[in-house]
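In: how does the following fold in three dimensions:
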Amino acid sequence: MHGTTILAVRRDGRAAVAGDGQVTLDQSSTILKHRARKVRRIFGGKVIVGFAGSVADALTLFDRFEARLEQSHGNLPRAAVGLAREWRTDRMLRRLDALLLAVDSENLLLISGSGDVVEPDEPVAAIGSGSGLALSAAQALLTHTAMSARDIVVESMRIVSHICIYTNNELTVEEV
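Out: Below is the predicted model:
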């Protein structure tokens, strides 16, 4: 996935997700928008989801994911598995081009259309074109500082925005 960076960090019972605001046209050098919101609260604000990929596809997935959360009474892992299964097997959804990061008060999950629901070993995950840079910065800050989850995602994304041409510093940050 190119054209965005989404980063999630859990620390001390809190989780924060940050996403940059840049929308880039077809992996070209044309920036269409600087302040897109790629991180959203769903399920009454109890779950935060960030996306990398096609905006229309991600919005469709947000709606489906929220419906899955309602069906599972807010059980994030169960809803994520249900969404991944539906995403992989449904003829229309199978064509959707996006990745999701989802967090609640207890879980951090990466969800893909190939059926992946991954809970990382470390309390950090990233998706998008700047994901490797964001992951590296966040892991270093987790290891070597006492910064909060929110401060780690903000500082890591600031670092990435100085290196990755597909990531800007117009951040959306949400925390649970």
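In: only C-alpha atoms from now on, for both contacts and neighbour counts.
Out: Noted.
In: low-confidence ranges, the protein, go.
Out: 1-2, 26-28 (pLDDT under 70).
In: output the contacting helices and strands for the longest helix along it.
Out: When the chain is parsed with DSSP state H, its longest helix is helix 55-71. Here helix 55-71 touches strand 47-53, helix 76-89, strand 98-103, going by 3 or more Cα pairs under 8 Å, 6 or more residues apart in numbering; DSSP states H and E.
In: that helix to helix 76-89, inter-axis angle?
Out: 130 degrees (axes from the mean of the first three to the mean of the last three Cα atoms, to 10 degrees).
In: tell me which residues of helix 55-71 are tucked away?
Out: For helix 55-71, the neighbour count (16 or more other Cα atoms under 10 Å) marks 55, 57-58, 61-62, 64-69 as buried.
In: between those residues, which is closest to residue 160?
Out: residue 55 (21.3 Å; Cα to Cα).
In: can you map out the helices along the protein?
Out: Going by DSSP H, the chain shows helices at 55-71, 76-89, 131-144, 149-161.
In: restricting to C-alpha, output the last one in PDB.
Out: As requested, C-alpha coordinates have been extracted for helix 149-161 and formatted as PDB (Å, rounded to 0.1, in the frame of the first residue of the first chain):
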ATOM      1  CA  ALA A 149       1.400   5.700  23.500                       C
ATOM      2  CA  ARG A 150       0.000   9.000  22.100                       C
ATOM      3  CA  ASP A 151       3.400  10.800  22.300                       C
ATOM      4  CA  ILE A 152       5.100   7.800  20.700                       C
ATOM      5  CA  VAL A 153       2.700   7.700  17.700                       C
ATOM      6  CA  VAL A 154       3.000  11.500  17.200                       C
ATOM      7  CA  GLU A 155       6.800  11.600  17.400                       C
ATOM      8  CA  SER A 156       7.200   8.500  15.200                       C
ATOM      9  CA  MET A 157       4.900   9.900  12.600                       C
ATOM     10  CA  ARG A 158       6.800  13.200  12.700                       C
ATOM     11  CA  ILE A 159      10.000  11.300  12.000                       C
ATOM     12  CA  VAL A 160       8.400   9.400   9.100                       C
ATOM     13  CA  SER A 161       7.000  12.600   7.600                       C
END
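In: off-centre distance for it?
Out: When distances are taken as Cα atoms, centre = their mean, to the nearest Å, helix 149-161 is centred 14 Å away from the chain's centroid.
In: tell me which of the helices and strands packed on helix 55-71 sits most buried.
Out: Of all those, strand 47-53 has the most neighbours on average by mean count of other Cα atoms under 10 Å, namely a mean of 26.
In: right, I'll call it a day here.
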